[in-house]
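Participant: predicted model follows, preceded by the sequence.
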Amino acid sequence: MVHSLRTTAPVTLTTTADATNLVALRTRRKVSFTDLFVKLAADALLLHPVLNSRWENDRAVPQTFCGAGLGPSNS
């Protein structure tokens, strides 16, 4: 980890988005923003299989599914 910290440039990307529809969906479905973000991320990975790949035999192998999960926090 120290090596990667010393050899890579720290980058921060910020942007803005209109989340009006997301807030309305959250209110209607009574789910958390985390639930919605996990669902949206999983859907995006299924639309872009190269990003949803595993490394095998020196090449990227796209997955046909997206297994997203969450764990509880102990804090």
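Facilitator: Noted; the coordinates are in hand.
Participant: which SSE is immediately downstream of the top helix by length along the chain?
Facilitator: Ordering each helix of the chain by length in residues (DSSP state H) puts helix 33-47 first. Counting by DSSP states H and E, the element after helix 33-47 in chain order, helix or strand, is strand 53-56.
Participant: run through the residues that contact the residue nearest the centre of the chain.
Facilitator: Nearest to the geometric centre of the chain sits A41, at 4.4 Å (C-alpha atoms, centre = their mean). Contact partners of A41, counting by C-beta atoms under 8 Å, 6 or more residues apart in numbering, are A68. All C-beta atoms are positioned from the backbone trio N, CA, C, and that covers glycine.
Participant: what's the answer for the one 10 residues further on, then?
Facilitator: Going by C-beta under 8 Å, 6+ apart, L51 touches 44-45.
Participant: distance check, it against F33.
Facilitator: To F33, L51 is 22 Å away according to C-beta to C-beta, to the nearest Å.
Participant: likewise V2?
Facilitator: 34 Å.
Participant: the two: which is more packed in?
Facilitator: Higher neighbour count among V2 and F33: F33, with 11 against 6, using other C-beta atoms under 10 Å.
Participant: for the more buried one, which non-adjacent residue is spatially closest?
Facilitator: Using C-beta to C-beta, 6 or more residues apart in numbering and skipping the chain neighbours, the partner closest in space to F33 is R26 (6.2 Å).
Participant: ok, that neighbour touching L36?
Facilitator: Yes - shown here, R26 and L36 form a contact pair, counting by C-beta atoms under 8 Å, at 6.1 Å.
Participant: any stretches of this structure with poor pLDDT?
Facilitator: Low-confidence segments of the chain (pLDDT under 70): 75.
Participant: how about the closest residue to L45 other than its chain neighbours, phi and psi?
Facilitator: In space, and not counting its chain neighbours, L45 is closest to N52: 3.9 Å by C-beta to C-beta, 6+ apart. Phi and psi for N52, reported as degrees, to the nearest 10, are phi -110, psi 60.
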